[in-house]
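S.K.: For reference, the sequence and a predicted model appear below.
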Amino acid sequence: MNGARWETVIGLEVHAQLSTRSKIFSGAATAFGAAPNTQACAVDLALPGVLPVLNRGAVERAIRFALAIGARINRINVFDRKNYFYPDLPKGYQISQFALPIVEAGALTIGVDDGEKVIRITRAHLEEDAGKSLHEDYHGMTGIDLNRAGTPLLEIVSEPDMRSAKEAVAYARALHTLVTWIGICDGNMQEGSFRVDANVSVRPVGQREFGTRREIKNLNSFRFLEQAIDYEARWQIERIEDGHAIEQATVLFDPDSGETRMMRSKEEAHDYRYFPDPDLLPVKLDEDWIEQLRSALPELPAQKRARYQADLGLSAYDAGALTASRATAEYFEALLAALPQADAKLAANWVMGDLSAALNKVERDIADSPVAPAALASLLGRVQDGTLSGKLAKQVFEAMWAGEGDADTIIAARGLRQLSDSGAIEALIDEVMAANAKSVEEFRAGKEKAFNALVGQVMKASKGKANPAQVNALLRRKLTGMD
């Protein structure tokens, strides 16, 4: 297989569950984890004579998304019936938007290896979710849980603008960040709040026409998304190079085998027979309402990234990491504001380094960090005023994380104050030089590694408390005979 001869073409369809407390056409709850069929009311069950009533909150969230991606908002949009028969779809149709969706023609900028890339978003439309079929718990039977039936979704459809699995993951992550940032979706992929379908095809490099695509359904992690696209692209290329044609199909990804397998071919695909839902009037959006929602939007991730680089002097990488979630950005800004001396790079390094590592270890979100921004700022203040070295600060942070108190309390209790007295440091250096005459000779013979070894011995003798900058300066002066 010669991958260099082929180009992968990818478009994503993302189902974002909207963060309303009730369903899109009924008052039933949307909370996750309830016992089966305890959150399905008469409307969700499609009992005779019931009528859907549109949830204003779902419409509001769709508008906020449109504003965030610079999309066109259709001031008049309609709901359609998507007809198909499946056990977990009580009505025999799904209420969705087809001809006139609420959102069209937006875009999202993602980071790629050589800079940035704009991914076009074709449309985003409101629809209701189906129920869930349960196969594992019933021998020879299938259980039906209708708790999800009627849950509000925003289906976000991209153009086929991505050319690698990494680009697709970058787009999906950026979209996930955005919908959680503006508060329209909780983004919980394990609970199904953010699900991705990937349309994948391949074509010879330089060919304008698209190849035949296959759709990978219901990917619920970014890792699976990347693995599934990479496998599917390789499979299609090998299939074509072996002389076979690609048939349009819907496939599933098996994380255990790392392979995709076909659900249904094009010949088995449904004709959904869309038509306007007669029970729902066209939705007409008020201009004043749209402007109110526009003015209430927070500073968006792209705007914040640009500000961090322009105003704070941070790198593109740092700015991107600090805006990976709204909670991370808010923590960073609170930390920076509380520092005795404003130092964006110092704050960024600690948020992305020690704090992030500690949070990842216990699988905890930064919003639930046991070390608050003000507490971390107090610790970093002791680095800035020379009380602590960077190494000692890490020890204090670990103690703070374990709940031993604030920075000053821990410094006093453990005797961790940095040694900055020049006379005391010089005495340690004299002892180390006397005990390591060979290293002294090697340094004076031009071996720089010997200097690092001597620094290490001084730091060891001080039990890590000596000011490293002073140790380096004083030691070099003594070794070169400049004192």
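M.R.: Alright, I've got the coordinates.
S.K.: biggest helix in the chain by residues?
M.R.: Criterion DSSP state H: the longest helix present in the chain is helix 222-241.
S.K.: Which secondary structure elements does that helix sit against?
M.R.: Contacts defined by 3 or more C-beta pairs under 8 Å, 6 or more residues apart in numbering; DSSP states H and E place helix 222-241 against strand 6-17, helix 165-181, strand 194-204, strand 214-219, strand 249-254, strand 259-265. Quick note: C-beta positions are derived from backbone N, CA and C, even for glycine.
S.K.: so which of the ones you listed gets nearest residue 432?
M.R.: helix 165-181 (49.2 Å; C-beta to C-beta).
S.K.: Tell me how far that closest one lies from the chain's centre.
M.R.: Put simply, helix 165-181 sits 6 Å off its chain's centre (C-alpha atoms, centre = their mean, to the nearest Å).
S.K.: by how many degrees do it and strand 6-17 diverge?
M.R.: Between the axes of helix 165-181 and strand 6-17, defined by axes from the mean of the first three to the mean of the last three C-alpha atoms, to 10 degrees, the angle is 20 degrees.
S.K.: Show me how far the longest helix of the chain is from its chain's centre.
M.R.: 23 Å.
S.K.: Make JSON lines out of the helices and strands packed on helix 222-241 and add distance to residue 335 and mean pLDDT.
M.R.: As requested, those are arranged in JSON lines below (distance: least, C-beta to C-beta, whole Å; pLDDT from 0 to 100):
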{"stretch": "strand 6-17", "distance to residue 335": "30", "mean pLDDT": "95"}
{"stretch": "helix 165-181", "distance to residue 335": "19", "mean pLDDT": "95"}
{"stretch": "strand 194-204", "distance to residue 335": "28", "mean pLDDT": "94"}
{"stretch": "strand 214-219", "distance to residue 335": "35", "mean pLDDT": "91"}
{"stretch": "strand 249-254", "distance to residue 335": "39", "mean pLDDT": "90"}
{"stretch": "strand 259-265", "distance to residue 335": "44", "mean pLDDT": "79"}
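S.K.: one step back: buried ones in the longest helix of the chain, by neighbour count?
M.R.: 222, 224-233, 235-237, 240 (16 or more other C-beta atoms under 10 Å).
S.K.: Let me see the mean pLDDT of stretch 341-349.
M.R.: Stretch 341-349 carries an average pLDDT of 92.
S.K.: That stretch: which residues count as buried?
M.R.: 344, 346-348.
S.K.: Identify the residue nearest the residue nearest the centre of the chain in space, chain neighbours excluded?
M.R.: The geometric centre of the chain, computed from its C-alpha atoms, lies nearest to residue 173 (C-alpha atoms, centre = their mean), at 4.6 Å. Closest residue to residue 173 apart from its sequence neighbours, by C-beta to C-beta, 6 or more residues apart in numbering: residue 222 at 6.1 Å.
S.K.: Residue 196 too?
M.R.: Per C-beta to C-beta, 6+ apart, closest to residue 196 is residue 219, 4.5 Å.
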